[in-house]
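Visitor: sequence first, predicted model second:
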Amino acid sequence: MTDQPLAIPVQQLPHGAGLPLPRAQTAGSAGMDLVAALPEGEPLVLAPRARAAVPTGLVMAIPMGFEGQVRPRSGLALKHGLTVANAPGTIDADYRGEVKVILINLGEEAVTLARGERIAQLVIAPVTSARLDLVDLIGETGRGAGGFGSTGR
Ligand SMILES: O=c1ccn([C@H]2C[C@H](O)[C@@H](COP(=O)(O)OP(=O)(O)OP(=O)(O)O)O2)c(=O)[nH]1
Ligand SMILES: [Mg+2]
């Protein structure tokens, strides 16, 4: 593939200084790992069922027409039950605040996270600009109103 990657301007806030910028870990990786910009020597302990907005130290300007999706890392989910509470979190193109990762510990044990740990992954995805148009009649389909298991288990 010869396509140039989409360039996304990013700022590192003072508490993120020195942390690696997210980037694809392999040529085919969909996500760029986000690391915790926690204070050095002050790990975050997430008790079972606890959640927290974990700072990344990053502010980004995602181009219009794209979004950022904050997704869990499967290893943390499998080993510790650590996941993203609002997965996939949505980073809007016009958002200029710090990107945060809303982690929740669904495991049975407390999870301790240190500064620099890779906690989630950011996927940049295209967004279709759309609007809803109010109509009197909506077109019919074979499925109709069937849903929620209507095709069987
Ligand atoms: O996991 C997330 C989700 C969101 N955000 C930031 C970027 C996003 O653009 C903004 C708003 O997110 P969302 O629309 O999901 O939250 P909301 O509760 O609807 O807030 P708002 O009223 O600000 O849109 O918060 C994050 O940093 N991390
Ligand atoms: Mg919103």
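Guide: Received the coordinates, thanks. Ligands and ions are numbered 1, 2, ... in the order given.
Visitor: who does the residue in the chain positioned nearest to ligand 1 bridge with?
Guide: Proximity to ligand 1, evaluated over the chain using Cβ to the nearest ligand atom, is greatest for Gly89 at 2.3 Å. In short, each C-beta sits where N, CA and C put it, glycine included. The partner list for Gly89 in beta bridges (DSSP bridges) reads Val70.
Visitor: check Leu122 too.
Guide: Beta-bridge pairing for Leu122 (DSSP bridges): Met32, Val70.
Visitor: wait, it sits on Pro72?
Guide: No: counting by Cβ atoms under 8 Å, Leu122 stays clear of Pro72, with 11.6 Å between them.
Visitor: give me the neighbour count for the closest residue to Glu42 other than its chain neighbours.
Guide: Once flanking residues are discounted, Glu42 sits nearest to Arg115: 7.8 Å by Cβ to Cβ, 6 or more residues apart in numbering. Neighbours of Arg115 under the rule other Cβ atoms under 10 Å: 20.
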